[in-house]
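Undergrad: Fold the following for me, if possible:
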Amino acid sequence: MPADLLFEIGCEEVPAKKLADQLIAFPKLVEDELANARLTHAGIQAYGTPRRIAVIVKGLIDRQPDINEEVVGPPASAAFAADGSLTKAGQGFAAKNGVSALQIKDVAGKKGQYAVAVRNVIGVDTRQILPALLAGAAAAIKWPKSQRWGWSETTFVRPVQWLVALYGGEVVPVAWADLTATRNSRGHRFLAPGPVEIASADAYLEALRKAHVIAEPEARRAVVKAELAKLEHATGCNVRKDDDLLDEVIHLGEFPVGVSGHFDPSYLEVPEELIVLAMRTHQRYFAMEDASGKLVNRFATMMATIVQDPAVVAKGNEKVLAARLADAKFFFAEDRKRSFDQWNEKNESVVFQAKLGSVGQKARRIENVAVQLANHLDLPNPNFVREAAKYCKADLRSLAVNEFPELEGLMGRYYARHWGFDPEIATAIEQHRWPKGQGAALPTTDVAAVLAIADRIDTVVGCFAVGEEPKGSNDPLAVRRAAIGLWQILLARGTDKWAGLFRVAFDAARESLAYYGVNLRSDGPVLEFFRQRLRGILIDQDIPAVDADAALAQSFDDPADAIARAKALSRVPKPAREVFKRVANILDDAKTKAIAPAAAIDPALFANDRTVEQDLHAAAAAAQVREVEPRKRRDYVAVFDSLVQLQPIVAAFFDKGGVMVMDPDPALRANRLALLRWLIDPYLAIADFRVTTV
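TA: Numbering: from 1, shown residues only. As a prediction, this is how the structure comes out:
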């Protein structure tokens, strides 16, 4: 009968982020091992704390199913020698399927004689398979960094202390890391440090709870939230929402207990982002705020155990935090004794990328591109663009950003305001780094948007120019993110004056790089890279890939227009797509054969009586008239609705009228090609029907 399996690896404390990763990866690893062993089950659930990683497999079958099958292999002539023995190919086929030579038969198939392996494999009891299977799964866990300890050759993220393996309540003798599995887990390091006997997989969670270990991550999340709510009630302050920190904190202890503390209110003179980052990055503390959302001099954090006097713990946390905030206050004070120009001087000796020069050179390239974009857009304050671009990278040399790189741009805004720059310049300095990720905030002003585009286009084009474009998962300068961010900014702007800005930015970046001796060898690869990033955005908006490809194949300089065209393609049914694809293919074939359409359509070359040629000509002319206004306002839905009306007439031209486009008569052939070109060109400007068949 099926039974539940429990497998737990107990170890020293695992870092929170690594634990979170393994709660996803380890159950998948076990699932793959079970599948390879032909062991089916009813589901796998992962559990984990800093001191353990575990899986429970529900309803695991108690025996492998038998295998009775015939596997067709190479032709008999290749598998068998003249004397009937197996050739090397036949022996390889037998070995691959785990059968002997006697189990390879010569069988007649539909296309001749073939070697067939007859496999009859008796299933093995699950209990016999599990020891090696689970040991293999444990050994296969991948960590960014592993270690050995003692004389063991086992590698793991932390020293392994115990193993638990139970199947149907019976111990599975898994031997790994110089340990053999038992039914004894361990409780909380301080509150219940002794062994915890586990009767079965079903009893696992409750047995650990009695030993002050909450093994379910989501249960710990609920506990942490409840503890934070208690602290809010006790202090009268609100815990500032921070989902990323919450995701980490739930993996810092096995039994979370909340505690609150405070810090000297004089530290609130420091920018609150600097305070919050110092708390969350160094100490994993939650910031607290008043009812209006203003930061207060209190914090909330989690202990990993119950203590006799929480006030003592709070005092300790306060002491550690005071040192961190003193550093932050010092950084902020010292930075304000410098200037942007002084920091820019230092940027001249700091390498941005070995082949692309210094950070100072990058800032000047950004300035060159941004000014050209501002002129193209006719922004009212081009000097704001120039000033913001000149100083957008200055804060990289500040003490605050050196300590907290996440504050790049933000600290620049604070310092710009301190030194009397216009608020719009200060905002642009901060927001030139926006968006910082998928779905993050976008620049809110034209000046900031121009600066952000200039920064990103310089990075992308520059990396392609020096051969440092992304390859596989290798993307150290975040070139993909830069390209996606650029499209997101342009899409958010979306107005007519921003429509062609991509091409202006691209040309400006290429010219600016060339001025510094960095020349782009070919536009093609980097433009295709940008097209693929925009394609991903379209697909993320639930636009079918085939429609995205059809729209982007024609043009993508204006991303908002490309999305509108791709979305409108949903109005075109498959029959219409196919008939217009046929038109495009005929014209492509004629071009390949160097057969040119006539310069102009000559209706006199149509047949004297009414024909499908005349019908098509008249229908296309009517379509062009009714599409004038929709095309002006980019109403592609109306344009494609008009196209659909043409589909039966175009189909009749091919299928019912007996018209031979590639007529032997050169004049008729050229005229008919001209008719098809005149018909389809207005639609090909919107979408390429050669890639729209679904």
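Undergrad: check which helix or strand covers Arg209.
TA: Taking DSSP states H and E as the definition, Arg209 sits inside helix 204-210.
Undergrad: For whichever helix or strand comes after that helix, buried residues please.
TA: Proceeding N to C from helix 204-210, the next assigned helix or strand is helix 217-235, under DSSP H and E. Neighbour-count burial for helix 217-235, counted by 16 or more other C-beta atoms under 10 Å, picks out 217, 220-221, 223-224, 227-228, 231-232, 235. For glycine as for every other residue, the C-beta is placed from the backbone atoms N, C-alpha and C.
Undergrad: got it, and stretch 349-357?
TA: So, applying 16+ other C-beta under 10 Å, buried residues of stretch 349-357: 352-353, 356-357.
Undergrad: burial measure for the residue nearest to Arg535 when sequence neighbours are not counted, as a count.
TA: Distances taken as C-beta to C-beta, 6 or more residues apart in numbering place Ala548 nearest to Arg535, at 5.1 Å, with adjacent residues excluded. Ala548 has 26 neighbouring residues, counting by other C-beta atoms under 10 Å.
Undergrad: now swap in Glu70 and tell me
TA: 13.
Undergrad: sec struct for it, please.
TA: strand (DSSP: H, G, I helix; E, B strand; the rest coil).
Undergrad: quick one: contacts of the helix holding Arg209?
TA: With contacts defined as C-beta atoms under 8 Å, 6 or more residues apart in numbering, helix 204-210 is touched by 6, 8, 47, 54, 56, 185, 187, 192, 196-199, 214-216.
Undergrad: switch the cut-off to 10 Å
TA: 4, 6, 8, 45, 47, 49, 52, 54, 56, 164, 166, 183, 185-188, 192, 196-200, 213-216, 219, 254-255 (C-beta atoms under 10 Å, 6 or more residues apart in numbering).
Undergrad: before we move on, the earlier item: looking at the buried residues of helix 217-235, which is nearest Ala81?
TA: Nearest to Ala81 out of the buried residues of helix 217-235 is Pro217 (C-beta to C-beta; 60.6 Å).
Undergrad: how about the closest one, what does it touch?
TA: Per C-beta under 10 Å, 6+ apart, neighbours of Pro217: 19-20, 23, 46-49, 247, 250-251.
Undergrad: Quick check: the farthest pair among the buried residues of stretch 349-357?
TA: Gln353 and Gly357 (7.6 Å).
Undergrad: which neighbours do those two share?
TA: Gly462.
Undergrad: Quick check: Leu5 is in a strand.
TA: Yes: the assignment for Leu5 is a strand, going by three-state DSSP.
Undergrad: For the remainder of this discussion, apply numbering that starts at 101.
TA: Fine by me, first position is 101 from now on; the one you just mentioned is Leu105.
Undergrad: That one and His141 touch, don't they?
TA: Yes: counting by C-beta atoms under 10 Å, His141 is a contact partner of Leu105 at 7.8 Å.
Undergrad: Between the two, tell me which one has more neighbours.
TA: Shown here are Leu105 and His141; by other C-beta under 10 Å, Leu105 has more neighbours (26 against 19).
Undergrad: What residues does the more buried one make contact with?
TA: 130, 134, 139, 141, 144, 155-160, 226, 230, 233-234, 265-268, 272, 301.
Undergrad: pretty sure Gly617 belongs to a strand, no?
TA: No: counting by three-state DSSP, Gly617 is not found in a strand; it is coil.
Undergrad: Quick check: pLDDT value at it.
TA: Looking at Gly617, its pLDDT is 92.
Undergrad: Could you check how far it is from Gln461?
TA: Computed as C-beta to C-beta, to the nearest Å, the Gly617 to Gln461 distance reads 10 Å.
Undergrad: returning to that earlier point: give me the common contacts of Leu105 and His141.
TA: 130, 134, 157-160, 226.
Undergrad: From those residues, keep the buried residues only.
TA: The buried subset of the shared contacts of Leu105 and His141 (16+ other C-beta under 10 Å) comprises 130, 134, 157, 160, 226.
Undergrad: I'd like those laid out as TSV, including pLDDT and distance to Pro675.
TA: Formatted as TSV, those follow (pLDDT from 0 to 100; distance: C-beta to C-beta, whole Å):
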residue	pLDDT	distance to Pro675
Val130	97	49
Leu134	96	48
Val157	97	50
Leu160	96	51
Thr226	94	55
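Undergrad: what residues are up against the closest residue to Lys597 other than its chain neighbours?
TA: Among residues not flanking Lys597 along the chain, Leu477 sits closest, at 5.7 Å (C-beta to C-beta, 6+ apart). By C-beta under 10 Å, 6+ apart, Leu477 lies in contact with 485, 546, 549-550, 593, 595, 597-598, 601, 604.
Undergrad: Show the contacting residues for Ala609.
TA: So Ala609 contacts 465-466, 468-469, 472, 553-554, 556-562, 565, 620, 626 (C-beta under 10 Å, 6+ apart).
Undergrad: 7 Å instead?
TA: 469, 557-558, 561 (C-beta atoms under 7 Å, 6 or more residues apart in numbering).
Undergrad: And what about it, helix, strand or coil?
TA: helix.
Undergrad: distance of it from Asp558?
TA: Applying C-beta to C-beta to Ala609 and Asp558 gives a distance of 5 Å.
Undergrad: Find residues that contact each of the two.
TA: By C-beta under 7 Å, 6+ apart, the residues touching both Ala609 and Asp558 are Val469.
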